[in-house]
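# my questions concern the predicted model and sequence given below.
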Amino acid sequence: MATGRRILLNEIDRQILADGGHAERSTHYQRYTLDFYLLALLDRAPRARTSTRRERSRPRRRSLADFMRVMADDEGRLPLIGDDDGGMLWPIAGRECNDVRDSLAVAAVALDRPDLAPWGIPEEAFWIAAPEAMQFVAGPGRSAPHDSMVGDAARTLLDPRSRLRRHRLRRHRADREGDMPSSTPALTAT
């Protein structure tokens, strides 16, 4: 993971243009790029998210998410421009490849930007970034998502009586306090 993260950070200025668009001007690559940079951000322990290189990359990550939100319509769908292989980094809920509500919701959570996900936080965000997503929806001026926005798994994570939720939050707190070596990703690709 460290090698991949280093490569992503070294490539950020070549892959993400000043306007936030992907260098190849493909909306599909835009999504892939945002997802990979979000995964790298979320995979790091919260205490390590303030490295100098990471802080220098913050404006590019924000502009990447802003560009995708501007390109998406009000239903969270991107126009299919440029190369498109139909692949997705996290195909959890069976969305069409141009439906980027999940990617923008993860960006909203990771970057603390509710404006990136005006339709709410869908289930995928809870699978990908459970501790951060739970804290995000519980933040000041925000409310938990309605049942129609999340599936059974996300409801389990949001339910304060849930043993899984309490375990995830305990693990997240321990991670923040430095009691664990690193964050465990909410989703493990096999």
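Cool, the structure landed. For clarity, every value in this text was computed on a predicted model and none was experimentally measured. Residues are numbered from 1 along each chain as shown.
# measure Phe36 to Trp119 for me?
23 Å (C-beta to C-beta, to the nearest Å). Quick note: C-beta positions are derived from backbone N, CA and C, even for glycine.
# and if you look at Pro59?
With distances taken as C-beta to C-beta, Pro59 is found 25 Å from Trp119.
# again, but for Asp83
Counting by C-beta to C-beta - Asp83 and Trp119 are separated by 26 Å.
# skipping adjacent residues, who's closest to Asp66 in space?
Closest residue in space to Asp66, ignoring its immediate chain neighbours: Gly20 at 5.3 Å, by C-beta to C-beta, 6 or more residues apart in numbering.
# just Leu41 next, same as before
Ala110 (5.4 Å).
# quick one: average pLDDT of the helix or strand containing the one you found?
Per DSSP states H and E: Ala110 is located in helix 101-111. Averaged across helix 101-111, pLDDT comes to 94.
# would you map the strands across this structure?
Here the chain has no strands by DSSP state E.
# any weak-confidence spans in it?
44-56, 141-190 (pLDDT under 70).
# can you pull out the helices in it?
Per DSSP state H, the chain carries helices over the ranges 2-15, 27-43, 52-71, 101-111, 123-128, 130-137, 152-158, 163-176.
# with mean neighbour count and distance to Gly94 added, can I get these in CSV?
Putting these into CSV (neighbours: other C-beta atoms under 10 Å; distance: least, C-beta to C-beta, whole Å) gives the following:
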stretch, mean neighbour count, distance to Gly94
helix 2-15, 13, 27
helix 27-43, 22, 16
helix 52-71, 17, 20
helix 101-111, 26, 11
helix 123-128, 26, 10
helix 130-137, 22, 19
helix 152-158, 17, 14
helix 163-176, 14, 23
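# including distance to Leu78, could those go into a markdown table?
Shown next, in a markdown table, are these (distance: least, C-beta to C-beta, whole Å):
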| stretch | distance to Leu78 |
| --- | --- |
| helix 2-15 | 17 |
| helix 27-43 | 4 |
| helix 52-71 | 6 |
| helix 101-111 | 9 |
| helix 123-128 | 16 |
| helix 130-137 | 22 |
| helix 152-158 | 23 |
| helix 163-176 | 31 |
